[in-house]
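Novice: need a structure here:
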Amino acid sequence: MNDTPDPDPAAVARRIAERREQLGLSEEALANRAAMAPRYLRCLLEAGPGFDPAGFVRIAAALDTTPGELRSGRADAAPGQGGPGPRPRLLDLTEPECWQLVGGHGIGRIALPVEPGPVVLPVNYVVDQGSFAYRTGEHDAAAPVEGAAVSFQVDHIDEYLGRGWSVLALGPAHYVDDPAELDRLAGLPGAAPWAGGARPRWVRIRPEEVSGRRLVTG
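Specialist: Alright, predicted model coming up:
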């Protein structure tokens, strides 16, 4: 017995249309590739994959993708594929709410002032005594100039509900050089660099300003 719920036919049809347009195919051209009449293709799109599983597999093959991606979307797709929820609103967060949301560690984005323009890079961070800290290599892209004014962002999106939040911290970046501090930071949960490699330098951002917004719906 298959307990997997049938996907929303409208959502599947949208993914098929998006993929078809990416490939520059008309609906008629897709039908020809899938060896079916255009009218039958439209019928299948309206009814959903369960109407003709074999025909749905042919559509996926014609689009150079998999039935699973058409049914549920790419597992590694960029966030926001599902679109906004009903009646979206943005609410300002207090600073204590911001710190509560970012937790003790996670993945954030550091924005560095470099030439010819700012660069934004993902890093895994730890929260320590009212600051963000992360590891980098001596000459890595995420290594700032000592004392540089940077921004640090952490966010989350709920694809299903169309909700989320974003926290932005602004302040100078300083390297941690005290051996005792380095040992303590290295022992915090989440301190191991996700990117691996030798990343001996710790960068600390003690924010001068922390702000955030929450996206709610309904």
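Novice: surely V57 is in contact with P67?
Specialist: Yes: V57 lies in contact with P67 (CB atoms under 8 Å); the separation is 5.6 Å. Yep, even glycine has a C-beta here, placed from its N, CA and C like the rest.
Novice: strands of the chain, start to end?
Specialist: 89-93, 105-112, 119-127, 132-136, 149-158, 163-176, 201-205, 209-216 (DSSP state E).
Novice: distance to A35 and mean neighbour count added to those strands, as CSV?
Specialist: Converted to CSV, the strands of the chain look like this (distance: least, CB to CB, whole Å; neighbours: other CB atoms under 10 Å):
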stretch, distance to A35, mean neighbour count
strand 89-93, 48, 12
strand 105-112, 45, 18
strand 119-127, 43, 17
strand 132-136, 53, 25
strand 149-158, 39, 18
strand 163-176, 42, 19
strand 201-205, 57, 21
strand 209-216, 44, 17
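Novice: which of these sits closest to A17?
Specialist: Closest to A17 of the strands of the chain, according to CB to CB: strand 149-158, at 23.2 Å.
Novice: and that closest one with strand 209-216, angle?
Specialist: Angle between the axes of strand 149-158 and strand 209-216 is 20 degrees (criterion: axes from the mean of the first three to the mean of the last three CA atoms, to 10 degrees).
Novice: please enumerate the helices of this protein.
Specialist: 9-22, 27-33, 38-47, 53-62, 67-72, 95-102, 179-186 (DSSP state H).
Novice: which other helices and strands does the longest one contact?
Specialist: Meaning helix 9-22. Applying 3 or more CB pairs under 8 Å, 6 or more residues apart in numbering; DSSP states H and E, one finds that helix 9-22 contacts helix 27-33, helix 38-47, helix 67-72.
Novice: give me the contacts around it.
Specialist: Residues outside helix 9-22 that contact it (CB atoms under 8 Å, 6 or more residues apart in numbering): 26-27, 30, 45-49, 59, 63, 65, 69-71, 73.
Novice: let's see that with 6 Å instead.
Specialist: 30, 45, 48, 63, 65, 70 (CB atoms under 6 Å, 6 or more residues apart in numbering).
Novice: roughly how far does the first one sit from P53?
Specialist: Between L30 and P53 the computed distance is 17 Å (CB to CB, to the nearest Å).
Novice: these two: which is more packed in?
Specialist: A count of neighbours by other CB atoms under 10 Å puts L30 above the other of L30 and P53, at 21 against 9.
Novice: for that one, give me its contacts.
Specialist: By CB under 6 Å, 6+ apart, the neighbours of L30 are 20, 62.
Novice: give the residue farthest from the middle of this protein.
Specialist: Distance from the C-alpha centroid of the chain peaks at A37, with 38.3 Å (CA atoms, centre = their mean).
Novice: now the residue nearest to it when sequence neighbours are not counted: how far from V12?
Specialist: In space, and not counting its chain neighbours, A37 is closest to A31: 6.3 Å by CB to CB, 6 or more residues apart in numbering. Per CB to CB, A31 is found 16 Å from V12.
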